[in-house]
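# Show me how the following folds:
(2 chains)
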Amino acid sequence: MITGLGVMAPTGRTVAAHWSAVLAGRSALTTISQFDASGYPVRVAGTVPGFEPRSHVPGRVVPQTDRWTHLGLAAAAQALDDAALDPATVPEYEMGVTTASSSGGTEFGQREIEALWRDGPSHVGAYQSIAWFYAATTGQISIRHGLRGPCGVLVTEQAGGLDAIGQARRLIRSGLRAVVTGGTDASLCPYGVVAQLSSGRLSTATDPSRAYAPFDAYAAGHVPGEGGGMLIVEEAQAAAERGAAHRYGAVAGYAATFDPPPGSTRPPALGRAIRGALADAGLAPDQVGAVFADAAAVPELDRQEAEAIAEIFGPYGVPVTAPKTMTGRLYAGGASLDLVTALMALREGVVPPTSGVRCPVDELRLDLVRDSPRQVALEHVLVVGRGYGGFNAAVVLSR
Amino acid sequence: MPELTLDDLRRILRAAGGEDDPATLDGDILDATFADLGYDSLAMLEMVSRIEREFGTSIPDELVPDMPTPRTAIGLINSRLRAAA
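Have a look, this model is predicted:
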C-alpha cells in the first residue's frame, strides 16, 4: 500500500503543485538557463525552479552531495511527512530504502573535474568519492531518517522508478514494514547533457512548446529534465493498523523485460512487460482504465510502444497519456514521478493530458488524452517505462 | 611563518564539511572530538586537504587519526609548519 508521496519536479515542488500543473496542461519546459547552452545542440529542458538545497537538506550534507541527492532527500522527507510515518516508531531494521538512479552526481563531478583540470589532483574534494555514486541518495536518505533495513539502488534509466517500486514490494513481502522508494535525477550541467547526447534521442528543437512531442508526426526526440518523486510503500496491514491517513493505491502488478540486442530479428520486449504486469495483477486488459506511456518521442520507439498498447488493449482501446511532456524525461525520476501522477489520477478519477502534441500519428491507433484532462472512473492504471539500453518495466497500480 | 589558528580551522571545517548549526563551531570546541561535532572521516580528509593547499604543507593521511580534536589538529599541524620553516 502506498501511503505517502513527495515531488520535486519542474512542474512543482509539492504533489499539489505538480498535480495542478499537469491537470492544467501547463508545461514547465523552458530554454536552458543554468549554463550557456548556445553552443550545445540541446536548448530546452525541464528544470526545478527555485529549489534551495539549504531549505531542504541538513547543512552538513549540502556540500557532501550532488543536486540529484538534494532533490531526492527533499522529496523523501516530503513523502514521509505525507505518510505521517515517523521512522522512529518502526523497528530500526524493518524500514528500508530502494531508489533508482541514472546519471549519479554529474554536477558535483563536473565541478571536481574542472578543479582537477584547472588546479590539479590535490584540489579534487574528498566527497567526490561518495557524491557521484549511484547509491548516494539511498544512503543519505537511510542515514538521515535512521532506516537500517535493506537498502539498494536500481540503475535502469527511465525504467528505474518502476524497478525500484517492484523491489520495494519484494522487500515488503519478505517482512519489511515500510520502504522509501522512488528516484530523482539532475543531469543538466554541460557534462551531464553531453553524456546524454550519446543516446541520439534528445530533441534539438529550440521552441519549448514543440520540443517534446511523442506520438506526433513531428516527434524528434525528448527533452531532458531534472527532479522526480518519492513514495512510501507500507505493509498494508501495518498501514491500516496505524490508521494511515492516505492510502493512494497498491502495487498490484509488476514485470520487467530486456530487449533483444540491436539487429536481432526478435521483437522488442515491451509488450511482454505489460502482459507480465497484468498477469501479476490478475487483471484483464479491459480492467485497466488508463496507461501512462513511456513516450520516447523517437518515431520508431513510439511505434513500438503504440503497437504493444494496441495489441494488448485493442486499437484506441484505452486512454493513453504522457504528462512527462510537461517535465521532460527525468530518467531515474521519470517513472517515479509518473507513479505519483498515476496515483493522483486513481484517487481523483481523472487522467491528466499530454502536452505539446499537435499532429498525432493516426496509424498508431492510440486514444491519446490531449489538451484537457479526462474524467474516467479508475480502478487500475498501468505505468510503462523504458530505459535506454534495453530496459522495459510495467507497473499496475490499483485503488 | 604561517600558523593555523582555531578561527582558521573553523572556517576551513565549514567549507570542507558544511554545518548544521552555526553555533556548533562557535563555542568552546578545542577539546571536542571532530566526530562529536558531526564530522566524519571524509570531512577530516577534506579538511586536511584544504589546510595543505592553503598553508603549502603536506600532511600524510596516516596522521589524521592522531588529530581527533581541534586542539590536537592545531598542535600537530603547527609543529609540522614550524619544522618546515
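
# From now on I want contacts and neighbour counts done on CA atoms only, so please keep to that.
Will do.

# Can you tell me how far A:Gln167 is from A:Ala345?
In this view, A:Gln167 and A:Ala345 are 23 Å apart by C-alpha to C-alpha, to the nearest Å.

# Actually, A:Glu52.
29 Å.

# If you count surrounding residues, which of those two has more?
A:Ala345 (25 against 13; other C-alpha atoms under 10 Å in any protein chain shown).

# Remind me which helix or strand the more buried one belongs to.
With secondary structure defined by DSSP states H and E, A:Ala345 is part of helix A:334-348.

# Report all helices and strands that that helix contacts.
On a contact count with 3 or more C-alpha pairs under 8 Å, 6 or more residues apart in numbering or on different chains; DSSP states H and E, helix A:334-348 meets strand A:2-8, helix A:15-23, helix A:160-173, strand A:178-185, strand A:227-234, strand A:380-387, strand A:391-398.

# between these, which gets nearest to B:Asp20?
Distance to B:Asp20, taken as C-alpha to C-alpha, is lowest for strand A:2-8 among those, at 22.3 Å.

# From the centroid of chain A, which residue is nearest?
Central residue of chain A (C-alpha atoms, centre = their mean): A:Gly334, 2.2 Å from the mean position.

# Was I right to think that residue contacts A:Asp163?
No. With contact defined as C-alpha atoms under 8 Å, A:Gly334 does not count as touching A:Asp163 (12.0 Å).

# List, one by one, the residues from chain B near chain A.
Listed as neighbours of chain A in chain B under the rule C-alpha under 8 Å from any C-alpha of the partner chain: B:Ala16, B:Gly17, B:Gly18, B:Glu19, B:Asp20, B:Asp21, B:Leu42, B:Ala43, B:Leu45, B:Glu46, B:Ser49, B:Arg53.

# residues contacting the closest residue to A:Ser336 other than its chain neighbours?
What sits nearest to A:Ser336 in space, not counting adjacent residues and going by C-alpha to C-alpha, 6 or more residues apart in numbering or on different chains, is A:Gly161, at 4.4 Å. Residues in contact with A:Gly161 (C-alpha atoms under 8 Å, 6 or more residues apart in numbering or on different chains) are A:Thr99, A:Ala100, A:Thr181, A:Gly182, A:Gly183, A:Ala332, A:Gly333, A:Gly334, A:Ala335, A:Ser336.

# Please produce JSON lines containing the residues you listed, extended by pLDDT and distance to A:Thr106.
Output for these, formatted as JSON lines (pLDDT from 0 to 100; distance: C-alpha to C-alpha, whole Å):
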{"residue": "A:Thr99", "pLDDT": "98", "distance to A:Thr106": "17"}
{"residue": "A:Ala100", "pLDDT": "98", "distance to A:Thr106": "15"}
{"residue": "A:Thr181", "pLDDT": "98", "distance to A:Thr106": "21"}
{"residue": "A:Gly182", "pLDDT": "98", "distance to A:Thr106": "19"}
{"residue": "A:Gly183", "pLDDT": "98", "distance to A:Thr106": "15"}
{"residue": "A:Ala332", "pLDDT": "97", "distance to A:Thr106": "14"}
{"residue": "A:Gly333", "pLDDT": "98", "distance to A:Thr106": "15"}
{"residue": "A:Gly334", "pLDDT": "98", "distance to A:Thr106": "17"}
{"residue": "A:Ala335", "pLDDT": "98", "distance to A:Thr106": "20"}
{"residue": "A:Ser336", "pLDDT": "98", "distance to A:Thr106": "20"}
